[in-house]
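1. A structural model of the following input is requested.
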Amino acid sequence: MKIAISGKGGVGKTTIMALLAQELKKNGNDVLVIDADPSPHMAETLGVKKPEEIRPIADMTKLLVERSGKTEGSPMYNMNPEVNDLLVDFMLEHDGMKLMILGAIQTGDKGCACPESNVLRRMLTKLLLSEDQVVLLDMEAGVEHLGRGTIAGIDHLLIVVIPSKSSIRTALKVKKLAEDVKIPKISFVGNLVTDEEDKIFLEEGLGTPPIAFFPNSQAIRKAERQEIPITTLKDAAGSAPSILLQKIMG
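-> Presented below is the predicted three-dimensional model:
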């Protein structure tokens with residue numbers, strides 16, 4: 001299964017993705033997390049030591065251009081680049097999970113065939129190897145990645161939304177674009193929820209209830225400030241990660 005997560009900046013996408021990865025690992029799944037955010041910090045969230053030593057694939061411009069088959073002066077790309085060795089060479093294993101960092105994917109308008117997006121799409125095709133393997137894709141904030149088609153082939157899109165009107169507006173826009181590119185399953189996930197009033201506000205604003213609600217956790221907030229891996233906290237998000245996993249797998 002391939003799962004992507006999106007939403008307005010600052011809503012907690014990476015935190016929820018890390019907690020979901022941890023829950024999947026406890027469930028016995030083989031988990032690969034791909035950080036495709038232009039400002040990646042999934043490594044720190046998972047507690048990876050010396051994350052600055054990880055080589056983002058998107059930084060290797062020459063390699064990506066070669067793999068995508070673009071020649072100087074030509075507007076055409078090979079839409080089926082070979083990436084098998086990249087899957088091994090640029091994966092980092094940590095605490096029973098695998099991590100890849102794509103780095104900044106910033107080039108192109110809607111429908112572009114830039115090398116970074118092309119290789120990412122190809123990787124998503126290659127990465128699902130068995131029923132037990134789950135690929136988690138942490139996307140950049142906002143909606144631009146949907147225009148580039150970088151999450152084509154995703155099975156389930158999770159849209160994180162907090163109890164604010166601006167977050168709801170972005171979430172609904174993401175949902176509309178995700179429907180346009182025909183992602184099979186799209187779900188909202190509430191975050192920074194304090195009480196029942198927040199839940200009602202989200203449900204009314206979205207027109208449907210989120211499949212899980214993550215609490216406004218002071219423990220998670222303190223851990224992030226102190227650069228403590230979120231996955232080392234015990235029950236900081238209560239039963240929310242377990243409920244989210246049940247809804248995804250159910």
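2. now do the phi/psi pair for the most centrally placed residue in the chain.
-> Nearest to the geometric centre of the chain sits residue 138, at 1.6 Å (C-alpha atoms, centre = their mean). The phi and psi values for residue 138, taken as degrees, to the nearest 10, are phi -90, psi 100.
3. what residues are bridge-paired with it?
-> Residue 138 forms beta bridges with residue 5, residue 35, as assigned by DSSP bridges.
4. gap between stretch 214-227 and the chain center?
-> How far stretch 214-227 lies from its chain's middle: 19 Å, per C-alpha atoms, centre = their mean, to the nearest Å.
5. on that earlier part again, is it true that the residue nearest to the centre of the chain touches residue 32?
-> No. Under the criterion of C-beta atoms under 8 Å, residue 138 is not in contact with residue 32, lying 11.5 Å apart. All C-beta spots, glycine's among them, are computed from the backbone N, C-alpha and C.
6. could you show me where the strands are in this structure, in order?
-> Secondary structure of the chain (DSSP state E): strands at 2-7, 30-36, 92-94, 97-101, 133-139, 156-161, 185-193, 213-215.
7. any chance of TSV for these, columns mean pLDDT and distance to residue 242?
-> Output for the strands of the chain, formatted as TSV (pLDDT from 0 to 100; distance: least, C-beta to C-beta, whole Å):
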stretch	mean pLDDT	distance to residue 242
strand 2-7	92	16
strand 30-36	88	15
strand 92-94	87	22
strand 97-101	88	17
strand 133-139	88	15
strand 156-161	96	15
strand 185-193	97	13
strand 213-215	98	11
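8. the top helix by length along the chain packs against which elements?
-> Using DSSP state H, we find that the single longest helix of the chain is helix 165-180. Counting contacts by 3 or more C-beta pairs under 8 Å, 6 or more residues apart in numbering; DSSP states H and E, helix 165-180 is packed against strand 2-7, helix 144-148, strand 156-161, strand 185-193, helix 196-206.
9. can I get these in CSV including distance to residue 19 and mean neighbour count?
-> Formatted as CSV, these follow (distance: least, C-beta to C-beta, whole Å; neighbours: other C-beta atoms under 10 Å):
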stretch, distance to residue 19, mean neighbour count
strand 2-7, 11, 24
helix 144-148, 22, 21
strand 156-161, 11, 25
strand 185-193, 10, 22
helix 196-206, 19, 15
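10. and those as JSON lines, adding distance to residue 24?
-> Converted to JSON lines, the helices and strands packed on helix 165-180 look like this (distance: least, C-beta to C-beta, whole Å):
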{"stretch": "strand 2-7", "distance to residue 24": "9"}
{"stretch": "helix 144-148", "distance to residue 24": "22"}
{"stretch": "strand 156-161", "distance to residue 24": "13"}
{"stretch": "strand 185-193", "distance to residue 24": "15"}
{"stretch": "helix 196-206", "distance to residue 24": "24"}
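11. and of these, who's closest to residue 217?
-> Comparing the helices and strands packed on helix 165-180 by their distance to residue 217 (C-beta to C-beta), the top pick is strand 185-193, with 8.4 Å.
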